[in-house]
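> got a predicted model here, sequence first, then my questions.
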Amino acid sequence: MAVAQPDVTVVIGAYEAMPYLVECLASVEAQTMAPGLIEVIAIDDGSRDGTGECLEEFAARAPMAVTVIRQENSGGPSGPRNVGLAKATGRYVFFLDADDRLGAEALERMVAMADRNGTDVVLGRVEGINRNPPKSMWAKTLERTDVFSSNIKFTLSAQKLFRREFLQRHDIRFDESLWTGEDALFTMEAYLRADGVSVVADYTCYYLVGRSDGKHVTKSGSYTLRFDSARALMGLLERLLPAGPKRDVLMVRPFLVTVLPQFGPVFLRNDEEIRRTKMELARPLMDAYWNEGVAQRLKVHERLRLELVARQRPDLLVDVLEFIKAKSEPTPVLKKRNTQLYLAYPHYGSRDAGLPDRIYLAEPREASAYPGWRKDTAETFLRGFARKVRRRLRRFRRPPTRPGGTAAA
């Protein structure tokens with residue numbers, strides 16, 4: 001008798017995961033989805049703290065099918081996830097970190113969402129326990145969306161539901177050469193290739209747990225690994241998208257989330273050698289991918305810092321960072337009938353610095369926080385300007401007239 005295909009394979013890559021693994025596995029066992037519809041593939045990546053034994057005990061008593069694979073340490077999360085993905089048989093696959101946990105209805109709700117809409121990726125609402133999860137994409141449940149029409153680009157972790165046949169068809173796997181950011185590469189490629197993405201925002205599907213032992217790679221990774229991650233993600237976007245607005249809107253993510261933090265308050269604490277190395281690592285990324293289309297989508301202080309990195313001006317960058325560290329507020333400067341707002345961070349208007357004013361120009365969303373700038377004022381000015389342009393164009397289009405005022409044939 002043929003065994004029915006499970007609805008979802010839960011892949012758990014585990015390394016030194018005790019005691020967090022106990023609650024992780026309990027959350028799998030507590031799923032409201034029928035146990036026969038769940039398959040678990042757990043990979044012990046060379047642990048020495050009892051992780052492997054805990055997984056085997058779970059496999060012996062769990063009501064769903066559980067396969068435990070024990071292997072030598074691979075050095076990162078990509079290897080175990082790829083092993084689990086290769087062994088998976090479910091229609092969908094979900095990557096669960098061994099120190100996190102699922103909401104009881106998580107798998108049932110996400111599979112139902114994917115089946116209802118035919119989407120290839122489903123995001124379930126995430127809450128943090130001693131960690132700060134991404135928040136901007138959980139405003140409302142979305143039956144069907146994409147990476148350009150929503151904020152899902154700001155959650156590129158692997159803890160999502162993926163249609164397995166879709167991953168196989170496009171040969172999407174985790175990059176085992178990356179020590180951090182490997183899930184961002186995997187998930188962004190899935191977003192871009194997916195026939196639709198769904199968002200479950202009205203139920204907490206995933207609990208992101210902060211470890212007290214500090215073993216999260218995202219916390220402990222060297223700054224050089226961050227640049228490796230940014231380089232890989234930017235290269236993926238370059239390969240999959242032509243230059244233009246769509247690429248620019250996604251390029252914001254690696255610049256804002258991965259590159260910019262290296263040139264924040266930590267830069268002031270870095271010694272001169274590390275500062276110089278960071279500038280050198282950033283240079284090829286700025287040369288290849290930093291442009292006005294990306295810059296205009298950032299806040300002034302973000303744009304200014306990255307522009308100074310692009311110009312290789314650490315001296316000016318330090319001035320800006322000291323200004324921000326002191327919690328100083330930039331002076332707002334209104335121009336053009338109050339329709340343009342400039343924020344006078346350090347070196348605004350300085351001839352010696354040679355920075356164009358456009359770097360300091362606040363975009364409408366940022367400008368709206370300042371009482372001297374009003375959206376309706378800016379729109380009125382823009383409408384008036386557009387009317388002047390149309391009138392001038394109509395004059396150019398009028399047919400020439402003969403003497404006496406009649407139009408020429």
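Thanks, I have the structure now.

> so where's this protein shaky on pLDDT?
1-3, 213-221, 374-409 (pLDDT under 70).

> what pairs with the biggest strand by length in it, and is each one parallel or antiparallel?
As assigned by DSSP state E, the longest strand anywhere in the chain is strand 197-209. If you go by DSSP bridges, strand 197-209 pairs up with strand 101-102 (antiparallel), strand 121-129 (parallel), strand 142-145 (antiparallel).

> and that strand, what's buried?
197, 198, 199, 200, 201, 204, 205, 206, 207, 208, 209 (16 or more other C-beta atoms under 10 Å). Glycine gets a C-beta too; all of them are placed from N, C-alpha and C.

> and what of stretch 173-193?
Those would be 173-175, 178-192, for stretch 173-193 by 16+ other C-beta under 10 Å.

> deepest of the strands paired with strand 197-209, which one?
Each of the strands paired with strand 197-209 was scored by mean neighbour count; the highest is strand 101-102, a mean of 24, by mean count of other C-beta atoms under 10 Å.

> distance from the chain centre to it, please.
Strand 101-102 has its C-alpha centroid displaced from the chain centroid by 21 Å (C-alpha atoms, centre = their mean, to the nearest Å).

> what is the following helix or strand past it packed up against?
Remark: after strand 101-102, the chain's next helix or strand is helix 106-117, criterion DSSP states H and E. Under the contact criterion of 3 or more C-beta pairs under 8 Å, 6 or more residues apart in numbering; DSSP states H and E, helix 106-117 touches strand 8-14, strand 92-97, strand 121-129, strand 142-145, strand 161-163, strand 197-209.

> any chance of JSON lines for those strands, columns distance to residue 252?
As requested, these are exported to JSON lines (distance: least, C-beta to C-beta, whole Å):
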{"stretch": "strand 8-14", "distance to residue 252": "29"}
{"stretch": "strand 92-97", "distance to residue 252": "25"}
{"stretch": "strand 121-129", "distance to residue 252": "19"}
{"stretch": "strand 142-145", "distance to residue 252": "17"}
{"stretch": "strand 161-163", "distance to residue 252": "24"}
{"stretch": "strand 197-209", "distance to residue 252": "18"}
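
> hang on, the earlier thing: how big is the angle separating the longest strand of the chain from helix 106-117?
170 degrees (axes from the mean of the first three to the mean of the last three C-alpha atoms, to 10 degrees).

> next up, the contacts around the nearest residue to residue 334 once chain neighbours are set aside.
Excluding its sequence neighbours, the residue lying closest to residue 334 (C-beta to C-beta, 6 or more residues apart in numbering) is residue 372, at 5.1 Å. Residue 372 makes contacts with 332, 334, 338, 341, as judged by C-beta atoms under 8 Å, 6 or more residues apart in numbering.

> any figure for the gap between the third one and residue 291?
Spelled out, it's residue 338. 29 Å (C-beta to C-beta, to the nearest Å).

> over to the last one?
Distance check for residue 341 against residue 291: by C-beta to C-beta, it reads 23 Å.
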